[in-house]
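Participant: Got a predicted structure plus its sequence, pasted below:
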Amino acid sequence: MRLATILTPQGPRAALERSDGYYVDLHASEPGLPDNVQALLAASPAIRRLAAEVAATPTAVAYPPQSVRLLPPIPDPGKILCIGLNYRDHAREGGKAIPEEPVLFGKFRNALIAHGDPIRLPKVAHKVDYEAELVIVIGKRGKHIPNDARAYDYVGGYTCGHDVSARDWQFRGEEKQWIIGKTFDTFAPVGPVLVTQDEIPDPHQLQIRLRRNGVTLQDSNTREFIFGIPHLLSYLSQVMTLEPGDLIFTGTPPGVGIARNPPILLQPGDIVEVEIEKIGILRNPCVAES
C-alpha cells in the first residue's frame, strides 16, 4: 500500500493513494479503520487488508491529487533518528574510514515538513547542504530486535527523506555539533507517501537520486549501505524501544554539495527533488528565512 496523511476538513487523516492517483480518506470511508497512519501500521494485517478493500470500492471518500494537501506521512513521530556515513561510496568521497558501528544523531519535530513545503534557509547559516535518504518507518514496537530477517517484522514501510544540513553549524568547534546543524526548522522533508514494506521486498536494492533544479547531484543505490536495515534496528533497539511511527533516516550517498569543488550549496529559489525507486519523488522549494 501507498499511505499518506492528507489534510481534510476534519483534520489530518490517513489516506491510501490509489493507482489512479486519488487519495482515499480511509476513516471517512469506513469508520472502523484508524484515522492516522501510525495506528494503521500497528494494526493487524486484517485491518490493512480491509483498508485496501475499502479504497477500491466506488463509495470510498476519495480526493483528486490536485486538490490534496499532503502532510508528512507520519506527522508526529515520537523519534527521528539518523545514521551518518552509511554508504561506502559516500565515506570514500569524504576520505573517511568505514565506520565499525553506526554513527547516530537525531532531528526534532520542528524540522519535519511535507512534500511541497518550503525549506527555509536560515539567516544564520551560510552553508546549507542537501542529502537524499531512504527513511524507515517503524510499524511495530520493538526492543532488542534480532539482527536477522525477523527485523523486518518491525518495519511498517519506507519513504523518501531529505537530511538538510547546515555545515557551518554542524562542523563548528572542536567537538562538532551534528544535531544543531541538522535540526533547524524545515530541515527534515519527508514523503510524499509511505510505501508498506511488503511492496519493497529488498530495500537494499533501490536506486536513490537527488536533483537540484533538474540537475542530478546524487545517484547511487542502497546496496552501498554499510549497515543494513536489520543491523540498524538491532543496534538502535538495544538502547531505546522503537515505536510505531518512529522515523530512521538511513544515510546519504555521495555527491553532497560540501564535498564538491567548488561546493554546491542550497540557495533561495532552488527546487530539490529526492527520488527513490518504488517510492516516488519528494520535491521541495528553497526560500530565504524571512
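Facilitator: Thanks, I have the structure now. The structure presented is a predicted model; accordingly, all values stated were derived computationally and were not measured.
Participant: residue boundaries of the strands in the stretch 51-200 of the chain?
Facilitator: 62-63, 69-71, 80-84, 103-107, 112-113, 119-121, 128-129, 132-138, 155-162, 165-166, 188-196 (DSSP state E, counting those that start in this stretch).
Participant: Write down the beta-bridge partners of the closest residue to Glu17 other than its chain neighbours, one by one.
Facilitator: Nearest non-adjacent residue to Glu17, counting by C-beta to C-beta, 6 or more residues apart in numbering: Arg2, 4.1 Å away. Using the backbone N, CA and C atoms, a C-beta is placed for each residue, glycine as well. For Arg2, the beta-bridge partners are Val195 (DSSP bridges).
Participant: for the protein, where's the lowest mean pLDDT among helices and strands?
Facilitator: For the chain, using mean pLDDT, DSSP states H and E, the weakest element among its helices and strands is helix 88-93, scoring a mean of 78.
Participant: Three-state assignment for the spatially closest residue to Ala149 that is not a sequence neighbour, please.
Facilitator: Counting by C-beta to C-beta, 6+ apart, Ala149 lies nearest to Pro230, which is 6.9 Å off, once chain neighbours are set aside. Taken by DSSP: H, G, I helix; E, B strand; the rest coil, the conformation at Pro230 corresponds to helix.
Participant: residues near Pro230, how many?
Facilitator: When neighbours are counted by other C-beta atoms under 10 Å, Pro230 registers 18.
Participant: Tell me the pLDDT of it.
Facilitator: Here the pLDDT value assigned to Pro230 is 98.
Participant: Tell me the bridge partners for Ile6.
Facilitator: Where Ile6 sits in a bridge, its partners, by DSSP bridges, are Arg13, Leu70.
Participant: Tell me how many other residues crowd it.
Facilitator: Look at Ile6: counted by other C-beta under 10 Å, it has 19 neighbours.
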